[in-house]
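In: Please find the sequence and the predicted model below.
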Amino acid sequence: MDKLKIKVSIAGRVYPLTIKREEEESIRKAAAKIEAIVKQFESNYAVKDKQDLLAMCALQLSSKVEGSEGKTLVDTSDLDQSIDAIEADITAMLQRSLT
């Protein structure tokens, strides 16, 4: 397996991680999202304790997950590429059948 060592910063702490190379982008995006939510809570509320901010962040993200349970989540970019490929195949077949 292709492993990668990275460091992510969340709420003022740096966390070293060893991850699969293909997970790097999603891990970094997740850390950035957590960091943004923590900063939002910090600026909107008079809460300065990082543990409280992280707990509020965890609650917000968890409620979103709970709200999406049972729903199908689709990566639309992959879906669009698949549809484009199918459409190209159909067009090519139709053109061959017309000639």
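Out: Good, I have the coordinates.
In: The most centrally placed residue in the chain sits in which helix or strand?
Out: When CA atoms, centre = their mean is applied to the chain, the residue found nearest the centroid is Ser26 (5.1 Å). Here Ser26, judged by DSSP states H and E, is contained in helix 24-44.
In: Give me the helices and strands touching that helix, please.
Out: Applying 3 or more CB pairs under 8 Å, 6 or more residues apart in numbering; DSSP states H and E, we find helix 24-44 packed against strand 3-10, helix 50-67. (Glycine included, C-beta is placed from N, CA and C.)
In: mind saving the C-alpha coords of the longest one as PDB?
Out: This file holds the C-alpha atoms of helix 50-67, laid out as PDB (Å, rounded to 0.1, in the frame of the first residue of the first chain):
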ATOM      1  CA  LYS A  50     -11.100  24.900  22.000                       C
ATOM      2  CA  GLN A  51     -12.700  21.700  23.400                       C
ATOM      3  CA  ASP A  52     -16.100  23.400  23.500                       C
ATOM      4  CA  LEU A  53     -15.600  24.700  20.000                       C
ATOM      5  CA  LEU A  54     -14.600  21.300  18.700                       C
ATOM      6  CA  ALA A  55     -17.600  19.700  20.500                       C
ATOM      7  CA  MET A  56     -20.000  22.200  18.800                       C
ATOM      8  CA  CYS A  57     -18.300  21.500  15.500                       C
ATOM      9  CA  ALA A  58     -18.600  17.700  16.000                       C
ATOM     10  CA  LEU A  59     -22.300  18.200  16.800                       C
ATOM     11  CA  GLN A  60     -22.900  20.200  13.700                       C
ATOM     12  CA  LEU A  61     -21.100  17.800  11.400                       C
ATOM     13  CA  SER A  62     -22.800  14.800  13.100                       C
ATOM     14  CA  SER A  63     -26.200  16.300  12.700                       C
ATOM     15  CA  LYS A  64     -25.600  16.800   9.000                       C
ATOM     16  CA  VAL A  65     -24.600  13.100   8.700                       C
ATOM     17  CA  GLU A  66     -27.700  12.000  10.600                       C
ATOM     18  CA  GLY A  67     -29.800  14.200   8.300                       C
END
